[in-house]
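Chemist: After the sequence you'll find the predicted model.
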Amino acid sequence: MSLLSIENLSLDIAGLPILKDVDLSVEPGEVLGLVGESGSGKSMTALTVMQLLPEAARTQGRVTFDGIDILAAPEEAMCRLRGDDIGMVFQEPMTALNPVKTIGEQVAEGIRWHTGANRADAEARARAILDRVGLPEAKFPLTRFPHELSGGQRQRVVIAIACALKPKLLIADEPTTALDVVLQAQILDLLRDLVDENRMGLLLISHDLAVVAEMADRVTIMRHGEVVDAGRTAGILTEQRHPYTRRLAEASTHVPARARTEPSGEDRKALLDVSGVTRDYPGRRKGFFSRAEPFRAVDNVSFSLAPGHAVALVGRSGCGKSTLARMILALDRPTAGEIRLAGEALGDKSEAELRSARRNMQVVFQDPYGSFNPRHRVERLVAEPLHLLDKRPTAAERREQVAEALHDVGLSPSDMDKFPHQFSGGQRQRISIARAIITRPRLIVADEPVSALDVSIRAQILDLFADLNQRLDLTYLFITHDLTVARAITDEVMVMDEGRIVERGRTQEVLKHPRTAPARALVDAAPDLERALAARRGDKAL
Amino acid sequence: MSLDPTLREDPAEPHFLWLVLSNRSFLIGAAVTLAVAAMALLSFVWTPHDITNLVVADRLQGLSWSHPLGTDHLGRDILSMIMIGARNSIAVAIVAVVIGMGVGVPLGAWAAARGGWLDDVLMRFNDLVFAFPALLSAIMITAIFGPGAVNAIIAIGIFNVPVFARVARAGALSIWPREFILAARAAGKSRTLITIEHILPNITALLLVQGTIQFALGILAEAGLSYLGLGAQPPMPSWGRMLFEAQTRMIVAPHLAIFPGLAIVVTVLGLNLLGDGLRDLLDPRLRRQR
């Protein structure tokens, strides 16, 4: 008998259908990958198993866990199951922990509640499980607070809470989406080891086919609340019988068609020139008069970008890449060093003097939800940089320019009278690109521009970037921790580590033969669909 | 990614008008406030009796058809005095809130936009003003410039400045790190322009709610100052002074104290309910929890 079996599960919330006839099962000691894009109902399936649905939810069908009929179980029975036999790990480690309680209290809490153990016993068990997830006593005593830990360490605490009582089933909902690739690899390793040790069933929810291909024994692919494809991982992802599976796989390894620009000789002068740039942040205040040592976010960085080139700046989270980007955009001033755009130095200039430079460089941010003022219409949002022009356009000219920019990014000019919340994530990212190109800049700095998007939409946005690169002769600086993005649309890669650029080279070369340790760590940790499938086939051949 | 779109944009979110109609504290608060305002406006054109006409023969009458709320020691009609007093209370409170907002919001927004030492200096100065008991500073001001409605307004207005400065600064600080502000800065907009275009519209709800609360406090403060004889001067009636004059006659004619007292309580309660209701209506997070 399966550990968890879901048969013909249908769910609607306040009359809105969410899930339709979903079937899936998880065996003990097995990893089931549940894959789908946003809105496909994968998280709702998990919440149904936990019975943590909103009140207006109506369910039909059968969900059996370990012989218990979950849909009919009373709330008290579910309270005993949750955290004891079923553990759950959430996506966002920053908000999944209570900030005013120590990590020891938070891990011990569940143990005490479910087993009735006294404080000392519970703390001893909490200590043991924290050691197990890689947070040893010496560096991470039970008295640490969540804010003293990094994102990856917090996710380990969340996993410790979920696995403290050796649950039979662990549900992990996008457990690594908020982490960089190196941390992602570590957390996935940990989950896999825990599954092997305890013969736990793992329901791994992810939008990332490569992650699932590495981790899961079987996959279930969902779309619009229905299961479209299911079976053994290697079979499903190699044969790709279902058209949607094929589309997902293609989108996740998508490389836009673009002519590679050859690094031209001396004839074209560098568009962006960064020399010896350093940025220190003042240390934490220790007393009234004393401060800790300043923190060096960017350390003596120099590079230049040729016009028309697309360069990726890759590195782990916290390596200083976003700080560097802000200085290039003149949103932050370097402590030392100089940045020149088209020969013009940006340091020590007033906003008025920066106008011409700002016309030539624009920015695209990661979060398509946060990068617009929710109270303005698209016309006003896209037209914002027009204020940099020396001659202000008239209202009619302005509408015309906005219409043109929207057309360039594949939206309709009639969209300009809508509000940002009326668009999907991908469309919003198009609006944000329209805003970036409206002054016809030469340099676009894009900070993780596709990491918040679904794979199929990500492929479309990458195509758009590639297309604009050629049509408008744009130079790109892509800031990302995702090597597939770098591979897709950049000519060159710069690897950043602890504030320094440690390696620079042609994209293909760096990704195939990284020379430095930080670059190698990134490349090795990046999930890769082809490699994972090859490994799986290799396993079977043995 | 795992956030279902149904959670982000609730298709079942009810219409705003429906939310207004189902918010009881907003409705009651708005009704009371409008009634007081209407009473004050009406007093410009009509009152039951002329209060400048003293009829000593009718002094200290109880409730009757011709004087629904009785008369005071000079034979003036209490209802008429309360109506004209409302005018005074509302005017003082409104102007005081306008002064507070007009000075406090720009100061707070400026402090948030500039940061650094300017922020420190402005906010510490704010703390200084804040630490002074409002009534004490009002007494000081009236002691220097003499009593009167205008000086009461200035005193209460100054007391409002640090309140609005703090609210505006806190609100603005939470908006500044957002990405659309960074985008606006990348578009070369100055801090002043960003404050006007992006920051202020996003903190209006906050300021509006604080405004109704300060309005209620202003009415209370005005009553307090008039009670001490530092507010509007006779013959202009005011709620606070009516209470003061009633004090010595509490045993003989309790209605002299009861009705102006009730007027103050009802108005302040109405404004507080209005503020509560507004906060719930304007804050989408609270809206969803209902």
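Modeler: Done, it's in.

Chemist: What residues of the helix or strand in which residue A:522 is found count as buried?
Modeler: Secondary structure assignment for residue A:522, by DSSP states H and E: helix A:517-525. Of the residues in helix A:517-525, A:518, A:519, A:521, A:522, A:523, A:525 count as buried by neighbour count, 16 or more other C-beta atoms under 10 Å in any protein chain shown. (Glycine included, C-beta is placed from N, CA and C.)

Chemist: Can you identify the element that follows it toward the C-terminus?
Modeler: Using DSSP H and E, the helix or strand that follows helix A:517-525 in sequence is helix A:529-541.

Chemist: and for that next one, what are the contacting residues?
Modeler: Contact partners of helix A:529-541, identified using C-beta atoms under 8 Å, 6 or more residues apart in numbering or on different chains, comprise A:209, A:210, A:213, A:214, A:233, A:234, A:237, A:238, A:249, A:252, A:253.

Chemist: tell me the contacts of the nearest residue to the first one once chain neighbours are set aside?
Modeler: Setting aside the residues directly before and after it, residue A:209 is nearest to residue A:252 in space (C-beta to C-beta, 6 or more residues apart in numbering or on different chains), at 4.8 Å. When the contact criterion is C-beta under 8 Å, 6+ apart, the partners of residue A:252 are A:208, A:209, A:210, A:455, A:459, A:484, A:529.

Chemist: Neighbour-wise, which one of these leads?
Modeler: Neighbour counts for these (other C-beta atoms under 10 Å in any protein chain shown) peak at residue A:209, which has 26 neighbours.

Chemist: Now that that residue has come up, it's in contact with residue A:455, right?
Modeler: Yes: Residue A:209 lies in contact with residue A:455 (C-beta atoms under 8 Å); the separation is 7.3 Å.

Chemist: Need the residues touching each of the two.
Modeler: A:248, A:252.

Chemist: All the strands of the stretch 1-150 of chain A, in order from the start?
Modeler: A:4-13, A:16-26, A:31-35, A:57-65, A:68-69, A:86-89 (DSSP state E, counting those that start in this stretch).

Chemist: burial measure for residue 237, as a count.
Modeler: Just so you know, I chose chain A. 28.

Chemist: Switch to chain B, please.
Modeler: Residue B:237, neighbours per other C-beta under 10 Å, totals 25.

Chemist: Name the nearest residue to it, ignoring sequence neighbours.
Modeler: residue B:81 (4.1 Å).

Chemist: ok now the helix or strand containing the one you found, how far from the chain's centre?
Modeler: According to DSSP H and E, residue B:81 maps onto helix B:78-114. Centroid separation between helix B:78-114 and its chain, computed with C-alpha atoms, centre = their mean, to the nearest Å, is 6 Å.

Chemist: and it, what does it pack onto?
Modeler: Applying 3 or more C-beta pairs under 8 Å, 6 or more residues apart in numbering or on different chains; DSSP states H and E, one finds that helix B:78-114 contacts helix B:24-45, helix B:116-131, helix B:149-175, helix B:191-194, helix B:200-227, helix B:239-247, helix B:255-282.

Chemist: Let's have those in JSON lines, adding mean pLDDT, distance to chain A and mean neighbour count.
Modeler: Below are the helices and strands packed on helix B:78-114 laid out as JSON lines (pLDDT from 0 to 100; distance: least, C-beta to the nearest C-beta, whole Å; neighbours: other C-beta atoms under 10 Å in any protein chain shown):
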{"stretch": "helix B:24-45", "mean pLDDT": "91", "distance to chain A": "22", "mean neighbour count": "16"}
{"stretch": "helix B:116-131", "mean pLDDT": "88", "distance to chain A": "12", "mean neighbour count": "13"}
{"stretch": "helix B:149-175", "mean pLDDT": "90", "distance to chain A": "9", "mean neighbour count": "22"}
{"stretch": "helix B:191-194", "mean pLDDT": "90", "distance to chain A": "8", "mean neighbour count": "16"}
{"stretch": "helix B:200-227", "mean pLDDT": "89", "distance to chain A": "5", "mean neighbour count": "22"}
{"stretch": "helix B:239-247", "mean pLDDT": "89", "distance to chain A": "40", "mean neighbour count": "21"}
{"stretch": "helix B:255-282", "mean pLDDT": "89", "distance to chain A": "12", "mean neighbour count": "20"}
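
Chemist: so who does residue A:210 touch?
Modeler: Residues near residue A:210 by C-beta under 8 Å, 6+ apart: A:252, A:527, A:528, A:529, A:532.

Chemist: Kindly provide the distance from the spatially most central residue of chain B to residue B:34.
Modeler: Centroid-nearest residue in chain B: residue B:215, 0.3 Å away (criterion: C-alpha atoms, centre = their mean). Distance, residue B:215 to residue B:34, by C-beta to C-beta, to the nearest Å: 14 Å.

Chemist: Now do the residue nearest to residue A:209, the pLDDT please.
Modeler: Residue A:252 carries a pLDDT score of 83 in this model.

Chemist: Now it. Its backbone dihedrals?
Modeler: phi -80, psi -10 (degrees, to the nearest 10).

Chemist: what does residue A:301 give?
Modeler: Torsion angles, degrees, to the nearest 10, at residue A:301: phi -100, psi 130.

Chemist: for the residue nearest to it when sequence neighbours are not counted, phi and psi?
Modeler: Distance criterion C-beta to C-beta, 6+ apart; nearest residue to residue A:301, sequence neighbours excluded, is residue A:277 at 4.9 Å. With angles defined as degrees, to the nearest 10, residue A:277 sits at phi -80, psi 130.

Chemist: Tell me the pLDDT of residue B:96.
Modeler: 91.

Chemist: Let me know whether it touches residue B:156 as I believe.
Modeler: Yes: the pair residue B:96 / residue B:156 is scored as a contact, 3.8 Å apart, by C-beta under 8 Å.

Chemist: Now for those two: what residues contact both?
Modeler: B:218, B:221, B:222.

Chemist: residues in contact with the second one?
Modeler: So the one you mean is residue B:221. Contacts here follow C-beta under 8 Å, 6+ apart; on that basis residue B:221 touches B:96, B:134, B:135, B:138, B:156, B:159.

Chemist: Identify the farthest-apart pair in these.
Modeler: Using C-beta to C-beta, the pair of those lying farthest apart is B:96 and B:135, separated by 13.7 Å.

Chemist: Out of the contacts of residue A:210, which is nearest to chain B?
Modeler: Chain B lies nearest to residue A:252 out of the contacts of residue A:210, by C-beta to the nearest C-beta, at 13.5 Å.

Chemist: returning to what we had before: for the contacts of residue A:252, give me a markdown table that also has pLDDT and secondary structure.
Modeler: Shown next, in a markdown table, are these (pLDDT from 0 to 100; DSSP: H, G, I helix; E, B strand; the rest coil):
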| residue | pLDDT | secondary structure |
| --- | --- | --- |
| A:208 | 86 | coil |
| A:209 | 88 | helix |
| A:210 | 88 | helix |
| A:455 | 83 | helix |
| A:459 | 88 | helix |
| A:484 | 83 | helix |
| A:529 | 84 | helix |
